[in-house]
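K.L.:
3D, please:
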Amino acid sequence: MLFGEYLINKKIIDSDQLEDALKIQKVNPQIKIGEIVVSQGSITQMDLINLIESYIKETGANVTEMSEWLKQEEADALIRKLKAEFI
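P.N.:
Numbering: from 1, shown residues only. Purely as a prediction, here's the structure:
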């Protein structure tokens, strides 16, 4: 399951919002879906980090792909948070 689909399933965004975000990403492929959703005001930056944490736990997504979803400092914060839970 892709992260955008996950957001729809969690009722964070609807399919129209995802479609809009994907259009933005098509023109600006360097911008991540999560960043777009934050910029649209649907969620906060902290919401995004928490949602990605839930996404990884619930879907078994590869943690190494986080760089595709988050800026480096956000990925580092999430890694620290996950490590604290498992150590």
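
K.L.:
can you report how many residues lie near residue 11?
P.N.:
For residue 11, the neighbour count with other CB atoms under 10 Å is 7. Every residue, glycine included, has its C-beta placed from N, CA and C.

K.L.:
state the three-state secondary structure for it.
P.N.:
Put simply, residue 11 is coil when judged by DSSP: H, G, I helix; E, B strand; the rest coil.

K.L.:
Provide the backbone phi and psi angles at it.
P.N.:
The phi and psi values for residue 11, taken as degrees, to the nearest 10, are phi 60, psi 30.

K.L.:
OK, contacts around it?
P.N.:
Under the criterion of CB atoms under 8 Å, 6 or more residues apart in numbering, residue 11 has no neighbours.

K.L.:
for the residue most central in space within the chain, what are its contacts?
P.N.:
Per CA atoms, centre = their mean, the C-alpha nearest to the average position across the chain is that of residue 34, at 4.2 Å. If a contact means CB under 8 Å, 6+ apart, then residue 34 has 3, 48, 51, 52, 69, 70 as its contacts.

K.L.:
how close does it get to residue 44?
P.N.:
11 Å (CB to CB, to the nearest Å).

K.L.:
appreciated, that's everything.
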